[in-house]
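Novice: Let's see this in three dimensions:
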Amino acid sequence: MKVLFYGRLAEAIAPELEVDARPGCSVAELRTMLAAEHPEAGPVLRSKRVRTCVGHAFVPDDYRLATADTVEFLSPVSGG
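Specialist: Next up, the predicted model:
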């Protein structure tokens, strides 16, 4: 599945990755897998302030993913 990252996550991991996640895994499981593979981004990935989108809609951590999904992780931004 395709995973897109924005903000600090894009800087720490990459703007885009292809991830081999099992079909039906939850967003929470994907976060855990990505945090293990990219420990420098783990604290941000685990933050509840990081929002997850699938198909242009925000989804909760218990949302089940399909292999064809594009998942977007949006980290909080600051500024004025």
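Novice: From now on I want contacts and neighbour counts done on CA atoms only, so please keep to that.
Specialist: Fine.
Novice: sec struct for the nearest residue to A12 once chain neighbours are set aside, please.
Specialist: The shortest distance from A12 to any non-neighbouring residue, by CA to CA, 6 or more residues apart in numbering, is to A41 (5.9 Å). Classification of A41 using DSSP: H, G, I helix; E, B strand; the rest coil returns helix.
Novice: Do you have the strands of the protein handy? List them.
Specialist: 2-6, 16-18, 51-54, 57-58, 70-74 (DSSP state E).
Novice: Contact partners for the residue nearest the centre of the chain?
Specialist: Geometric centre of the chain, nearest residue: F73, 3.9 Å, by CA atoms, centre = their mean. Going by CA atoms under 8 Å, 6 or more residues apart in numbering, F73 touches 3-6, 9, 50-53.
Novice: rerun at 7 Å
Specialist: For F73, the contacting residues are 4-6, 50-53, by CA atoms under 7 Å, 6 or more residues apart in numbering.
Novice: Filter those down to the buried ones and hand me the PyMOL line.
Specialist: This is how PyMOL selects the buried members of the contacts of F73, with burial counted by 16 or more other CA atoms under 10 Å:
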select buried, resi 4+5+6+50+51+52+53
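Novice: Check the contacts of F73 against V19 and report the nearest one.
Specialist: V19 has its nearest neighbour among those in L4, at 10.3 Å by CA to CA.
Novice: Specify the beta-bridge partners of that closest one.
Specialist: E16, E72 (DSSP bridges).
Novice: Am I right that it is in contact with A14?
Specialist: No: judged on CA atoms under 7 Å, L4 makes no contact with A14 at a distance of 8.1 Å.
Novice: before we move on, the earlier item: with pLDDT and distance to V19 as extra columns, can I get the contacts of F73 in JSON lines?
Specialist: JSON lines is the format used below for the contacts of F73 (pLDDT from 0 to 100; distance: CA to CA, whole Å):
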{"residue": "L4", "pLDDT": "97", "distance to V19": "10"}
{"residue": "F5", "pLDDT": "97", "distance to V19": "12"}
{"residue": "Y6", "pLDDT": "94", "distance to V19": "16"}
{"residue": "V50", "pLDDT": "94", "distance to V19": "19"}
{"residue": "R51", "pLDDT": "95", "distance to V19": "18"}
{"residue": "T52", "pLDDT": "96", "distance to V19": "15"}
{"residue": "C53", "pLDDT": "97", "distance to V19": "16"}
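Novice: Many thanks, I have nothing further to ask.
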